[in-house]
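K.L.:
what follows is a predicted structure for the sequence shown.
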Amino acid sequence: MLGDREIHYGEGQCLVTGVDMPNAFRVLQACHDHPFLAMSLELDRSLTGQMVKELADAVPPAARPDSGVILGTTSPELLDAFLRLARLLDTPERIPILAPLVIREIHYLLLIGPQGAGLRQLNTHGTQANSIAQATDWLRKNYRKPLLVSQLARQVNMGTSTFHRHFKEVTGMSPLQYHKRLRLYEAQRLMLAGEMDAGSAGLAVGYESTAQFNREYKRLFGEPPLRDLKRMRRHDACPSENSH
């Protein structure tokens with residue numbers, strides 16, 4: 001779940017998110033004989049921006065992305081790069097030298113592949129898509145603070161209505177929805193990890209009112225915090241549900 005968008009993907013596919021997105025993932029099919037295995041890599045925005053400049057004359061101009069989320073088939077080259085990165089775990093002394101090279105290669109393959117046009121636009125300085133990417137970066141780092149949309153729009157040099165429209169195009173959510181989901185997903189994580197109870201988790205992510213936190217949590221997840229946590233822990237403890 002990325003915003004209000006439900007995405008199903010599986011073997012041989014890759015999901016690329018060009019902007020930070022509040023998300024929830026669930027494995028639908030896995031068992032002892034057929035375990036679930038996936039790899040993920042956090043993209044380096046600085047490296048991506050640098051490579052976009054280097055590729056400026058080598059690839060077509062980037063189109064405006066329909067969304068900050070791109071689903072596609074994993075190419076043999078991309079899969080090979082990920083496998084080589086994983087195999088470095090067997091030779092840890094090589095990681096400091098070789099891992100950065102493979103990670104750079106992965107960024108390059110993404111930028112020139114089917115996912116590349118949207119990814120390049122989001123990392124091209126001066127584009128509206130890049131302004132939205134900067135805004136999501138700021139929200140990720142400051143989600144505990146109250147959100148003034150007009151102030152954030154000015155921060156990325158956009159009018160409020162234009163900012164709101166492009167933000168929703170890229171993320172599938174309004175800025176306020178995005179901000180709220182960042183808070184609620186983080187609160188859920190804190191409670192699931194056993195670090196905090198519901199009241200403390202709500203305060204930790206920026207809510208001043210426990211009642212408001214409970215209302216918004218229920219609106220997003222369907223149940224109040226404590227009941228939702230019991231449901232998820234019961235689901236995780238039941239192997240038959242993950243083996244169908």
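P.N.:
It's in. Being a predicted model, the structure only gives us computed values, none of them experimental.
K.L.:
contact partners for T74?
P.N.:
By CB atoms under 8 Å, 6 or more residues apart in numbering, the residues touching T74 are G12, Q13, C14. Every residue, glycine included, has its C-beta placed from N, CA and C.
K.L.:
beta partners of the last one?
P.N.:
Yep, that's C14 we're talking about. Under DSSP bridges, the beta-bridge partners of C14 are G72.
K.L.:
show me where pLDDT drops low in the chain?
P.N.:
Within the chain, the set of residues satisfying pLDDT under 70 comprises 58-67, 235-244.
K.L.:
can you show me the helices along this protein?
P.N.:
Secondary structure of the chain, counting by DSSP state H: helices at 45-54, 76-87, 95-112, 116-122, 128-141, 149-155, 160-171, 175-192, 198-204, 210-221, 225-236.
K.L.:
nearest to N23, of these?
P.N.:
Each of these has some distance to N23 by CB to CB; the shortest is helix 175-192, at 7.4 Å.
K.L.:
buried stuff in that closest one?
P.N.:
175, 177-188, 190-191 (16 or more other CB atoms under 10 Å).
K.L.:
state the pair within the residues you listed that is farthest apart.
P.N.:
Pairwise over these, using CB to CB, the maximum falls at P175 and M191, 25.2 Å.
K.L.:
just name the most buried of the helices of the chain.
P.N.:
Highest mean neighbour count among the helices of the chain (mean count of other CB atoms under 10 Å): helix 116-122, with a mean of 23.
K.L.:
any idea how far the residue of the chain most remote from its centre lies from V102?
P.N.:
In the chain, the greatest distance from the average C-alpha position (CA atoms, centre = their mean) is reached by E93, at 30.5 Å. Counting by CB to CB, to the nearest Å, the separation of E93 from V102 is 15 Å.
K.L.:
and what of L182?
P.N.:
31 Å.
K.L.:
got it, and F82?
P.N.:
8 Å.
K.L.:
which residues are in contact with stretch 143-151?
P.N.:
139, 160, 163-164, 175-176, 179, 182-183, 186, 204-206.
K.L.:
ok, Y9 touching L15?
P.N.:
Yes. Contact criterion CB atoms under 8 Å: Y9 and L15 qualify, at 5.7 Å.
K.L.:
which one's more surrounded, those two?
P.N.:
L15 (17 against 12; other CB atoms under 10 Å).
K.L.:
residues in contact with the more buried one?
P.N.:
L15 neighbours (CB under 8 Å, 6+ apart): I7, Y9, V69, I70, L71.
K.L.:
quick check: the gap between the last one and T124.
P.N.:
Shown here: L71 relative to T124, a distance of 22 Å by CB to CB.
K.L.:
the more surrounded of the two?
P.N.:
The neighbour count for L71 versus T124, taken as other CB under 10 Å, is higher for T124 (18 against 14).
K.L.:
report the separation between the more buried one and R183.
P.N.:
30 Å.
K.L.:
repeat for M232
P.N.:
As judged by CB to CB, M232 and R183 stand 18 Å apart.
K.L.:
apart from its neighbours in sequence, what residue is nearest R104?
P.N.:
Ranked by CB to CB, 6 or more residues apart in numbering and with sequence neighbours excluded, the top spatial neighbour of R104 is L47, at 6.7 Å.
K.L.:
mind listing what the one you found touches?
P.N.:
Per CB under 8 Å, 6+ apart, neighbours of L47: I103, R104, H107.
K.L.:
could these be laid out in CSV, adding distance to A86?
P.N.:
CSV is the format used below for the contacts of L47 (distance: CB to CB, whole Å):
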residue, distance to A86
I103, 12
R104, 16
H107, 17
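K.L.:
all set now, cheers.
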